[in-house]
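K.L.:
for reference, the sequence and a predicted model appear below.
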Amino acid sequence: MDDFIARRARAQVFNLKPYVPGKPIDEVKRELGLTDVIKMASNENPLGPAPLAKQAIIEHLDDIHIYPDSYCFELKAMLAARLNIGPECIAIGNGSDEILKMLAEAFINPGDEVILAYPTFAEYELVSTVMGANCIKVPLRNNTHDLPAMLEQVSPGTKLVFICNPNNPTGTIVSRQALGEFVRELPRDVLLVVDEAYSEYVDHPDYESAQAMLGQRPQTIVLRTFSKIYGLAALRLGYGISSPEIINTLERVREPFNVNSLAQYAGMAALDDVDHIALSLELNRSGKAYLYQALAEMGLNYTPTQANFIFIDLGRDAGTVFLNMLNKGVIVRSCESFGCPTSIRVTIGTMEQNRRFIQALKAVLQEIEG
Ligand SMILES: Cc1ncc(COP(=O)(O)O)c(C=O)c1O
């Protein structure tokens, strides 16, 4: 069979490694025989889903034998009203991951150049490589996108540039000014993708959504998700905001019925659940303050975050720390797969989870240091 795969699978497939997700709780329980496991590895909302979203799902359960609205008419209308744009400027996906895939399928030809930061969210490289792109990875500077260095890489062969704002895994932002300067220099022939999966958490005064630049630069797409602050990661719901022409191009490669009906109803309800959003933000803010203080007291080097996770450079092998933390029932993300072998990324949890994380990390570091 190996020979069959080698001869018949597309060449691009051999340049890929499967995406490494955060380890699921049940897997850790099974593998390690643990009963009490917490996951702080995938930047999910520790408060759970928006209560109004749960209610909406229950109300629509009897209709799941009917195909969903393939055009997400109502959800698009609601988003459009809130974003002050037309529904023709919105694409809805089975998670924003699917919008990334649609972008790559619609725009990338084999040999096109794609520019992205390093480290950043792994999907950009994955979807681009599948389509045969040549990915140019530009190292972060001070854990932040190095936009001047990314500009230097732009050539006539550049098709797409990805900016993750705030960046996963470092939690840093690109400021309004830096993005503005970058866009002034970026040729109009390059599609700019700004992934704002964590934008709801940002409280930095220099941050602005790239939606503000769509008018002047229609060759731009902004991505958002319901998986983070809205707490709907398992339903898979995300969207892109762009010019009608880019959205129409994505529509051509979109699978029919790509967004299930429960996700559509839950998404609309979650947008309206202002209490859940406020509580989630407050929990993130207080958790961040607690973790900053505890990490500083431990003498650990962390990057101040604008998202719902913290990037911590432990200065020692993160894989070992990750495994030892697992044994204590705390799942974090080792950043080895991001190319940062001494760092972990921890999702800001409930206060109880944050305390348990710090306790486990202290114990693990003590064990390792003997
Ligand atoms: C930067 C970034 N973009 C997109 C996603 C994927 O979001 P979704 O669940 O909407 O596919 C994630 C998920 O972790 C992310 O970190």
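P.N.:
The structure has been received and is ready for your questions.
K.L.:
quick one, domains of the protein?
P.N.:
Domain ranges of the chain: 2-48+275-369, 61-272, per automatic domain parsing.
K.L.:
columns mean pLDDT, mean neighbour count and distance to Gln55 on top of those, output as CSV?
P.N.:
Quick note: C-beta positions are derived from backbone N, CA and C, even for glycine. CSV is the format used below for the domains of the chain (pLDDT from 0 to 100; neighbours: other C-beta atoms under 10 Å; distance: least, C-beta to C-beta, whole Å):
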stretch, mean pLDDT, mean neighbour count, distance to Gln55
domain 2-48+275-369, 94, 17, 11
domain 61-272, 98, 19, 7
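K.L.:
can I get those in a markdown table including distance to the ligand?
P.N.:
A markdown table is the format used below for the domains of the chain (distance: least, C-beta to the nearest ligand atom, whole Å):
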| stretch | distance to the ligand |
| --- | --- |
| domain 2-48+275-369 | 5 |
| domain 61-272 | 3 |
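K.L.:
which residues does Leu365 contact?
P.N.:
Met298, Leu314, Val321 (C-beta atoms under 8 Å, 6 or more residues apart in numbering).
K.L.:
just the strands from the stretch 151-300 of the chain, written as ranges.
P.N.:
158-164, 191-195, 220-225, 238-241 (DSSP state E, counting those that start in this stretch).
K.L.:
Leu34 is nearest to which of those strands?
P.N.:
Leu34 lies closest, by C-beta to C-beta, to one member of the strands of the stretch 151-300 of the chain: strand 220-225, at 29.8 Å.
K.L.:
partner strands of the closest one, with direction?
P.N.:
According to DSSP bridges, strand 220-225 forms sheet pairs with strand 191-195 (parallel), strand 238-241 (antiparallel).
K.L.:
so which of these is nearest Glu27?
P.N.:
Closest among the strands paired with strand 220-225, once you apply C-beta to C-beta, is strand 238-241, at 24.6 Å.
K.L.:
any idea what Ala117 is bridged to?
P.N.:
Applying DSSP bridges, one finds that Ala117 bridges with Val138.
K.L.:
residues touching it, list them.
P.N.:
Residues counted as contacts of Ala117 (C-beta under 8 Å, 6+ apart) are Lys137, Val138, Pro139, Leu140, His145, Asp146, Met150, Phe162, Ile163, Cys164, Asn167.
K.L.:
I'd like those as CSV, with distance to Arg30 appended.
P.N.:
Formatted as CSV, the contacts of Ala117 follow (distance: C-beta to C-beta, whole Å):
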residue, distance to Arg30
Lys137, 35
Val138, 40
Pro139, 38
Leu140, 36
His145, 39
Asp146, 42
Met150, 42
Phe162, 35
Ile163, 38
Cys164, 33
Asn167, 33
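K.L.:
quick one: stretch 281-291 to chain centroid distance?
P.N.:
19 Å (C-alpha atoms, centre = their mean, to the nearest Å).
K.L.:
with stretch 184-201 instead?
P.N.:
Distance, centroid of stretch 184-201 to centroid of chain: 14 Å (C-alpha atoms, centre = their mean).
K.L.:
again, but for stretch 328-338
P.N.:
On C-alpha atoms, centre = their mean, the centre of stretch 328-338 falls 16 Å from the chain's centre.
K.L.:
kindly report the same for stretch 314-326.
P.N.:
Distance of stretch 314-326 from its chain centroid, counting by C-alpha atoms, centre = their mean, is 23 Å.
K.L.:
and if you look at stretch 107-123?
P.N.:
On C-alpha atoms, centre = their mean, the centre of stretch 107-123 falls 15 Å from that of its chain.
K.L.:
how long is that stretch end to end?
P.N.:
Stretch 107-123 has an end-to-end distance of 16 Å (criterion: C-alpha to C-alpha, to the nearest Å).
K.L.:
what of stretch 227-245?
P.N.:
End to end - C-alpha to C-alpha - stretch 227-245 spans 26 Å.
K.L.:
contacts only, for the nearest residue to Gly315 once chain neighbours are set aside.
P.N.:
Nearest non-adjacent residue to Gly315, counting by C-beta to C-beta, 6 or more residues apart in numbering: Thr342, 5.7 Å away. Contact partners of Thr342, counting by C-beta under 8 Å, 6+ apart, are Asp313, Leu314, Gly315, Arg316, Asp317, Ala318.
K.L.:
center of this protein - which residue?
P.N.:
Centroid-nearest residue in the chain: Ala197, 5.1 Å away (criterion: C-alpha atoms, centre = their mean).
K.L.:
from what I can see that one touches Ile229, true?
P.N.:
No - using C-beta atoms under 8 Å, Ala197 makes no contact with Ile229, being 9.6 Å away.
K.L.:
report all helices and strands that the longest helix along the chain contacts.
P.N.:
Scanning the chain for the helix with the most residues, using DSSP state H, yields helix 274-297. Using 3 or more C-beta pairs under 8 Å, 6 or more residues apart in numbering; DSSP states H and E, the elements in contact with helix 274-297 are strand 301-303, strand 309-313, helix 351-369.
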